[in-house]
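In: Attaching a predicted model along with its sequence, questions to come.
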Amino acid sequence: MAGTGPSVGPGRQMLRGVSCAALLLAGVALTPVVRTCCGPALRERLVRRWARLLIGSLGVGLRVGPAPRTDGGVLLVANHVSWLDILLVAAVRPGRMLAKTEVRAWPLIGPLAARAGTLFLDRDRLRALPGVVDEIAAALRRGERVAVFPEGSTWCGRRGGRFRPAVFEAAVRAGATVQPVALSYRLADGSTATVAAFVGEDGLLASLRRVVAARGLVAEVAFRAPIPAGTADRRELAAAAQAAVFGTARIPAPAAPADHPVRVERPLGAAA
């Protein structure tokens, strides 16, 4: 996929790449210490802060809509556009992730994901799926948050795919809340951006180069109403979550009322 939209100069691109690599290396080195020595609340704050710094280092702005309060085990489900989606989720609602096994081989990101407790699924071995669902259900029963992308593949950002019901079985078994989250990428003028999309035969490094070259790229995270536990079977949950995520609601403009704040974070090095 060729890059589209305005771009920054080579010097800015190099600075972004170096900053991103440094933060990834710091994450790989410090994750075992954070997991061992920090309590859950502090650990979550540190992960959120690190993810936001990493997103900013890539030159991507972050806009987050108001988030509902959810207690106990939560299955967070989101549409899937890019490898950046993992960072967006970590920046707002850190937890265990479900990722494809190929992620293990990604430089820096793979070791970091493994050390952070990511659950890996081999999409070519469907016999492994029931075991992964069992692991997710067990984590939800322990009160953990697990994030999944139930489309099973990335989409360009202009369209989305069907939410597959298999992972929703974990929420049914655990009696856990399902939290739908809509992720999108836009340019400074508000138009939908495809530069962050990671689809087809796209390589990770090629996609990374497009992102660090983009000017004015903003990632939006919009929370939808939670779906309470015990309200539906897995197919009904999948359909309800899909309808919620692909609804037409947009994040409000930054000048929102104080009781419903919208946080907008500028990328590192952006002009004030």
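Out: Done, it's in. Residues are numbered from 1 along each chain as shown.
In: counting residues per helix, which one in this structure is longest?
Out: Of all segments of type helix in the chain, defined using DSSP state H, the longest is helix 10-37.
In: Report all helices and strands that it contacts.
Out: Using 3 or more Cβ pairs under 8 Å, 6 or more residues apart in numbering; DSSP states H and E, the elements in contact with helix 10-37 are helix 40-57, helix 109-115, helix 204-213. Bear in mind the C-beta positions are built from the backbone N, C-alpha and C, glycine included.
In: Could you export these as CSV, including mean neighbour count, distance to D134 and mean pLDDT?
Out: Formatted as CSV, the helices and strands packed on helix 10-37 follow (neighbours: other Cβ atoms under 10 Å; distance: least, Cβ to Cβ, whole Å; pLDDT from 0 to 100):
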stretch, mean neighbour count, distance to D134, mean pLDDT
helix 40-57, 17, 23, 93
helix 109-115, 18, 19, 78
helix 204-213, 18, 30, 89
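In: Columns distance to G95 on top of these, output as CSV?
Out: Converted to CSV, the helices and strands packed on helix 10-37 look like this (distance: least, Cβ to Cβ, whole Å):
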stretch, distance to G95
helix 40-57, 8
helix 109-115, 13
helix 204-213, 23
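In: between those, which one is nearest to T31?
Out: helix 109-115 (4.4 Å; Cβ to Cβ).
In: May I have that closest one exported as CSV, CA atoms only?
Out: Extracted in CSV, the C-alpha atoms of helix 109-115 (Å, rounded to 0.1, in the frame of the first residue of the first chain):
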residue,chain,number,x,y,z
ILE,A,109,7.7,-5.9,19.4
GLY,A,110,7.6,-9.7,19.5
PRO,A,111,9.7,-10.1,22.7
LEU,A,112,7.9,-7.2,24.3
ALA,A,113,4.5,-8.8,23.6
ALA,A,114,5.6,-12.2,24.9
ARG,A,115,7.0,-10.6,28.2
